[in-house]
Each structure stands twice: as structure tokens, then as C-alpha cells.
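Sharing a model that was predicted from the sequence below.
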Amino acid sequence: MPHQQIKFYQVGSFVAGNRLLRPDERSVQARMERSNTLTSGHRACQGCGEALGARYALDAAMRATGGQLVAANATGCLEVFSTPYPESSWQLPWLHSLFGNAPAVASGIAAALKAKGRTEVRVIGQGGDGGTLDIGFACLSGMFERNDDVLFICYDNEAYMNTGVQRSSATPPAARTANTKPVGPEPGNVFGQGKNAPLIAMAHEIPYVATATVAELRDLEAKIERAMEFRGARYVHVFVPCPLGWGSASKDTIKIARLAKETGLFPVFEAEHGEVVSVSKIRRRVPVEEYLRAQKRFAHLFKDPPQTDVIERIQAGADRNIRRFGLLPDEPDETGELMRLLAETDRGPQ
Amino acid sequence: MFQVRIHGRGGQGVVTAAELLSVAAFSEGRHAQAFPTFGSERTGAPVVSFCRIDDAEIRVREPISEPDAVIVQDPTLLHQVDLFAGLKPDGYLVINSVHGFGDLGLGEFVERFRQERLLTVPATDIAREHLGRPLPNAALLGAFAAVSGIVSPASVAAAIREKFAGDVGAANVAAADAAYAFVQDEIREAAHA
Amino acid sequence: MRRQIEGSQAVAAAVALCRPEVISAYPISPQTHIVEGLSDLVRTGELAPCEYLMVESEFAALSAAIGASAAGARAYTATASQGLLYMAEALYNASGLGLPIVMTVANRAIGAPINIWNDHSDSMSQRDSGWLQLYAETNQEALDLHIQAFKLAEEVSLPVMVCMDGFILTHAFESVDIPTQDQVDAYLPRFEPRQVLDPADPVSIGAMVGPEAFTEVKYLMHAAQMQALDVIPEVSAEFAQAFGRNSGGLIRPYRSADAETIVVALGSVLGTIEDVVDELREQGMKVGAVGIKTFRPYPLEEVREALGHARRIVVLEKAFAVGLGGIVGQNVRLALSGLPAPVYDVVAGLGGRPITKQSLHTLLDDVLNDRLEPGRLTFLDIDWNLVGRELQRTREKRRSGPHAENILRDIGVVAAGPN
């Protein structure tokens, strides 16, 4: 009898996909014994990408480590909404110290566990883009260069959300924030600034770097589990839409995350020791406009007359990512080549 | 209390000299305090270190302004820094130089002091001979021990060996002993003169 | 065992004997020899199990210690001056979280102008950070206080800074008695934390506390420091019993019981002061000294008791509150409130200026002959000439230039002449 290959895609929700996967491929969330590490009752906004990402990431980490996990959290939305004194949503040992020191605190915890001979207990440091890329950057880099046994997770919602949506080094060009308003000659955040955190992490040549979004949660889980297979410094950068800060509908969080990937604005990949080892290809490429229209932080681009020049520049940025990382199927991985070349130059001829 | 002030330039082991002197005194059952003044640390910059020796516990912490002895490791400091400020009339003075006091322009100056307590020693030459390097501090300590008798050459040697292991220690001890012998000869000659 | 060693090495030896499990290190003059000494001990395995983290800043150093302490490890770091300020946020975090970290502060002036030499402006600037503050007079005391500090910190569950004068103590060679490991083990038991990050019993530490509970939490920190006023003498007495010598405690009087004039100070300058006291006593003058060993918590009662009978008090301190006056002086005045004896505030030794016996003799002579005004800040050995010239400069021209550079030019530079 003739048979036909059928591909099932995750469209809108992954529930259908979960039912059709092998038990070991299913999401941690589909299991009875999931840890609920970030349990219900926290005070996150409706549709919060960070809460979604953190829940999946931590539960995956708990499964991978048999529950032997400690977390150090930077100040920020996650810390604030998860521990509304006197309550806490965390079901693992959890420490919040300061805004800028989560990577260093995590390093200290890892050192303590090592000194005590308890290396089966693993350490996660986590924070938002502000805490990780700006104020915590020196500590992050220090943790990377010492190769301390810490997995650091950055939940990137592209601004200082908890203090009222101010610009961070992760804020994309043209985006509106409280201090990059759409007024004046260059409305929104300016072009030509910002940090590429995953590439910076890769430049430290740490064992594992990955990016993920909350649109592909099973992918996020797999990356966290993969990260836990390594010892040493690891970094996972998760794209998490913020409905309040981005002016998007709370029901669109996952959709917007998917659009970020499918436009090429947010490359999804893995790297080991400074070299890209896998790229998650764009399935159906989308122009950036579709992504931008869904968020009020870009609404000023679509007024009368629309700022087509700015939109084109943003599109050019997406195009560049597609080229650099080989995000389209069957396209060469330019960034991989580049990084391999750089690595070789560093070490000398092999 | 016996107070020693050592002058030199950064990189010549001025600070170590004071330390070794204090360790030598300690090994003889006395109390000793050694400490440096620091400029921003730079090779070649003037450095001063201090050593106090006493039978009672030493409590005072100020720099030594009225030394019982001054050791000068680098003669190029002469006429630039007030090396002899506060030196007591019956104090000791040891200058690292191949020249005599007259040639150093100090002929008149030294007349105020007790001649048998002042000397110049070619410590850099002695150091080169035994260490292969122009590090005069050990030799100067040997010379100082000879002229002052404040510590014994054996204590100086032990202190050096405690700080510097193996061949380096042995070479420094040799330099110190050679300087000690040199000064003893000078003193003997002067006594017979 | 008695050894003639550098103060920094004595401290490193003492810290190692306390079996720290995590040491975080960031170098700053004049603390470098301490962390270098500890590095050697960890590398050779002499101090084990211990993780030595070479961190990227002082802020990271204390942050790593915070993580380690919260995970149940005995944690230590050291710093001075600018480094202490750089970790200021973390200082308050550590005390607020009640983590018994011990830290050496190798007292050094705070810039600008940048200055690497000793004074107390660094630790004084953090006197209200919630850390306990102990001040060592000698290298032996510095060694001893570190051992006491761990015991104290873990008993009251607050962090402790052991202050020792940079260069003057850290870089001085003098003889110290280093205890044996057995002696220290008997005195200082294993660290039993009050709170710990443990997967077997998860807790969330560091939540936000709002108006409904913040006051109570802060009160408990204050109460712990007040409790320390009792614990510190106990720890010191137990130390005396175990090691056979007196160190630490709240205050140390020197010939003050019948003194009419008492000099109050912290740290190494007390040694010089004691020599001056002896010399004046030989001349028949009734002078004494009181060393403040514990500055936080501040021993109000003990200070009052020790100074209450005196006819005049001279507070000699190595820092001051800009725009106001003495810091230690204020605290002493508070202790003596209601009593009539005048308190003279003298600032000395700023930025490493030596405090000489001669100056102290002159100072006390001025005091005894009413040439000083009590309550008005006196700057010992200040060059009024230099100050006057600079003030004149600022009066004459708007763009008079930076103060420090102008004054340095006035002083002139020691030239390096031809060889």
C-alpha cells in the first residue's frame, strides 16, 4: 500500500505536536512529575514571555539534574513577580542578591558546592537583558572567562521592563521605550548601537552558547537539557516578548516570538567553544513589517507617512542575520565559516 | 632601641634588606620591626626602608627620623635626597661605593661623626663577584653587621637562607660574608694605623 | 609558633587556619600580599578544600562570597579603599541577608585625589553598612582578630570587617605567634549556617520586603549588632583562654584609670600613642589612652565608663566627616553626653602622613595649655602655607585649576639629577 510522508508543524500551539512525539521527546510540561519550579501564583503580567520561558527552562533543568539545582537571580521582573513577599513561587533553592552581580553570585555558589564536594548540584544564574548585558556585564564576562560551572540564562525582552520600559543595550533600533520616544529627528532607539550577547558569549569560547524563543518551547527545553550535559560556563539567550513593554496583545506573545525568528531578526542557533554547531532554519520567511506591526513600540513607523526608510533598514538587519547565520534552508552558513576562520587565526594553523 | 634607615632605589632590594635585618635580630631573641615607605612602585625611584631593633616590644610606628644607622645602597642618591637627616652623632654610616668619603664630597660632613663607625664598601662589586648581579643588599648587611655588631654574621646568613632558597641564598650569604670580612679588615687596619 | 613575618602573611596564615571554603580575590594595594599568600596555600593544597576565585572586580569578589556563604560555605575576601567603595552595594546586601562573611580591609585613603597610603576613610565611609568593624593595633592582633571574626560572624550571623592599617601593618615585618591548626579547630567550630541554599530543603532568599515588614527586618539587624556587644567580649575572653593572650574586645584602656587627659584612637597609631603616654607619665603628667577595638557596634557604655572620669579627652582619628567634623569624635561625644569634660577632635595621618611622637607631644602640650579649641576640628601637622596659597589662587581667578595639582606644584618635585 503506498504511503505518504506527512509533516506536522507546530502552528499556533504545540499541543498537537506533543501528542505525536515519542515519550522522551515530549515537553517536560507534559509530564506528571514536572517540578513546577516556578509554580503558579506569581504576579507576572498576562502573556509574559519571561514567565513562560523561565518555567520551561527551569523545569527542563530540574529534570536534567534530577532536581539538584540552585538558582541565583538578578533583580528584575522575574525576581519581582516571582517573590512578592511574603510569598515565593520558587520550588528550588533560590537567591536574589543584586541587580549587577547574578553571574558572580552564581560563581560563588558553584565554588562553594565544589569545595564541599557536592558537584552533583548544578547552578543556574538568570536575569533579564538589563541585568545580564548592561549592569551585570563585567560579572558575566568574568564568569565566562573563568569557565565557572554555571549556566546563565538571559531572558531578553529588550528593555528595562521592571522599572518602566527604559532602553537597554538589547533594545532594537527604532523601538520606542520610555527614554527613546518617537520624537525628534530619529524617533525611537537609534541605529548603530547595542550588543550581540550570544556572539560575545561565543567570543569567550565557553563550552555552550544557544539562543531560543518562547515560540519553540520544546527547542528551549532541549537546549537547556543540552547545556546541562556540559561542565563549565554556558549561556542561553531566550527571546521573550513583553506585552506591556512592547505594546502587543498578551495573546500574541508566542506568535511574536515566532515572527522574530521567521523574519530573521532573531537568529536561533547553538555554538560550542566559539563555533556555531547548529542553526534552526527559518521555515517560512516573513518580511519584518509583519513583526513590527504587531507591536505598538513600532507604531510610529506606520503613521502617515510611513517611515519606509527605517523599516528598510530594519529589514536590512534581518537580511544580514539570514546571511551571517545561514538561516534559510540550503543556504551556506556564513557566520559559521567566519567564526571558524577566526578561531583558526587565533590558534594558528591546525 | 636601635634604629636603622636604609636608602636606595627601587629594584635594589632595599625593602628586603630591612626585612632580613629584622629577621636576623629576631633570631637572636630580640624584637624587631621592619617596614618600607612606598612611592608608586617603580624601578629606579628612591626608596627608604626602616628597621627598629629593641629588647622590649616595639610599639611606635612612625618613620625613623633620628636613625642610629644609615645604610645607603645607591650613591647616586647623594646630594639629591637628604640621606643623613637626623643621623645621631655616634651613629653608623655604611655607603655602597668604591670611593672614599672624600671623593664622594662628604669629607667635611663625616668629621662630625665617629670615624670608626663610618665606612664605604664596594658592595656592588662584591655582589657582582658572588651573585653575578649588582644587588648589593646582602653585602651591605654583612658590612653593617661588621661595623655595628648589632647582629651577628651568622644571623644575617640564616635570615638570607630563610628568604632565598638554594644557590641564590648561598650566593647572597657568600656576598654578605665577603663584605663582613672586608669591613673587619678595614677596621683592623684602621686600628693599627 | 613565633615567626618574624610580614603582616599580610600573618593574616593569610590566620585566615587559612580558619578553613575558609571559598576565597574570592581581587587585587588592590595594600592588600595584595594577603590574597597572594592565600593563593599559594590553596595551590599547594595546604589549604584544602578551598576554592580560590580570581574575580573581575571587588564588586564581584564580595558577590561571589555572598553566593558562597548562602550556599553554606565559610567565605572570605579582602579589599581596601576604592575597592571597598566599589563593593558598597554588596556590603549592604551581605549584611541585609545576614551572611557571616569575613573581610580584611587594609585601610587606605579614598580618592580623589588618588592615594595609596593609610588612613581610615575607607572603613569609616561604610560604618553604617551593617557590618561589624574591628580595628587591629598590631599584626598579632590582626592575626588574632581574623580568627575571632569568623567565630563572631557566625554566632551573630552578620558579616565582619577586620581593619588593619595599610602599609603600616600589612607591609611591616614583626614577630607574631601563629597558632596551630588544632588550636584553631578547637576554638572555631564548623560553620553551621542559619540559612542555606540546599536542594533537599529549598528556600527563597532575597525577596523584596515592603513597608509592612522592612522596619522589623532592619530592627533585627540592629538587634544582632547590639547582641554583638555581649558576644565580642565573650569571643575575646575565650580566645585569651585558648591562645593565652588578650586581643580584640570592645576597648582597650592604657594607663587611663587615673588619667586626667585621655587620648582615644583606633588602629596602629595606638602604639605610638602608648610610647608618648609613657614619656609624659615619666614627667609626672597624668595621661592615658583608650583604644577602640570595636567600632561597630559602638560600645557606648564601655567608652563612657573608660572616659567618664577624665578632665579632657583628645580624639585622634584618621578620617573625618567632610563639612562636619570628626567621626570618632562625634561617637565619643555621644558616649559622654551630659558629662562636662571637653572633647578635642584631631584629624591626623590622612593619606598616609606619618603621625610622629614629636607631633603628639606638641599636640598634647597645646591641649594642656588651652591652645586648642574643643569641638573644633584640628588638623595635625597641616601646612597652612600651602592651603593659604591655594585659597588665594581661587580668590584671584575663576579658572584657578585643580587643587591637588596646584599644591603639588607648590611643593615642588624632587628632581632626579645626573648620575
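Okay, I see it. Numbers count the residues shown, from 1 in each chain, chains lettered A, B, ... in the order given.

With adjacent residues omitted, what lies nearest to C:G96?
In space, and not counting its chain neighbours, C:G96 is closest to C:G130: 6.5 Å by CB to CB, 6 or more residues apart in numbering or on different chains. C-beta coordinates here come from the backbone N, C-alpha and C atoms, glycine included.

list the contacts for that neighbour?
For C:G130, the contact set (CB atoms under 8 Å, 6 or more residues apart in numbering or on different chains) comprises C:L91, C:Y92, C:A94, C:S95, C:G96, C:L158, C:P159, C:M221, C:Q225.

element containing the first one?
In this case it means C:L91. In this assignment (DSSP states H and E), C:L91 forms part of helix C:88-96.

Helices along chain B, start to end?
Applying DSSP state H to chain B gives helices spanning B:14-27, B:123-131, B:137-148, B:153-163, B:166-192.

got a list of what the residue of the stretch 1-150 of chain A found nearest chain B touches?
Using CB to the nearest CB, the closest approach of the stretch 1-150 of chain A to chain B is made by A:A138 at 25.5 Å. For A:A138, the contact set (CB under 8 Å, 6+ apart) comprises A:G100, C:E56, C:S57, C:F59, C:A60.

Quick check: the third one vs chain A, distance?
Going from C:S57 to chain A by CB to the nearest CB, to the nearest Å gives 6 Å.

Low-confidence stretches in chain B?
B:39-41 (pLDDT under 70).

For it, which residues are neighbours of chain C?
Counting by CB under 8 Å from any CB of the partner chain, chain B comes close to chain C at B:18-19, B:22-23, B:26-27, B:31-36, B:38, B:40, B:46, B:58-63, B:65, B:76, B:79-81.

Of the contacts of A:A138 - the most surrounded one?
Most neighbours among the contacts of A:A138, by other CB atoms under 10 Å in any protein chain shown: C:A60, with 30 neighbours.

Now that that residue has come up, it's in contact with C:S24, right?
Yes. In this structure, C:A60 is within contact of C:S24 by CB atoms under 8 Å, at 7.3 Å.

Which residues of the stretch 151-300 of chain C lie near chain A?
So the stretch 151-300 of chain C meets chain A at C:196-199, C:201-210, C:213 (CB under 8 Å from any CB).

Neighbour count says what about those? Which are buried?
Burial by neighbour count, judged by 16 or more other CB atoms under 10 Å in any protein chain shown, picks out C:V196, C:L197, C:P199, C:P202, C:S204, C:I205, C:G206, C:A207, C:V209 from these.

Helices of the stretch 101-250 of chain C, start to end?
In the stretch 101-250 of chain C, the segments counted as helices under DSSP state H, counting those that start in this stretch are C:121-125, C:139-156, C:181-187, C:214-243.

Throw these into CSV and include distance to chain B and mean pLDDT, thanks.
As requested, the helices of the stretch 101-250 of chain C are exported to CSV (distance: least, CB to the nearest CB, whole Å; pLDDT from 0 to 100):
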stretch, distance to chain B, mean pLDDT
helix C:121-125, 17, 98
helix C:139-156, 10, 98
helix C:181-187, 22, 98
helix C:214-243, 17, 97
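
Single out the most deeply packed of these.
Counting by mean count of other CB atoms under 10 Å in any protein chain shown, helix C:139-156 has the highest mean neighbour count of those, with a mean of 26.

Does that helix pack against any helices or strands, and if so which?
Where contact means 3 or more CB pairs under 8 Å, 6 or more residues apart in numbering or on different chains; DSSP states H and E, helix C:139-156 is packed against helix C:7-17, strand C:102-107, strand C:132-135, strand C:160-165, strand C:173-177, helix C:181-187, helix C:214-243.
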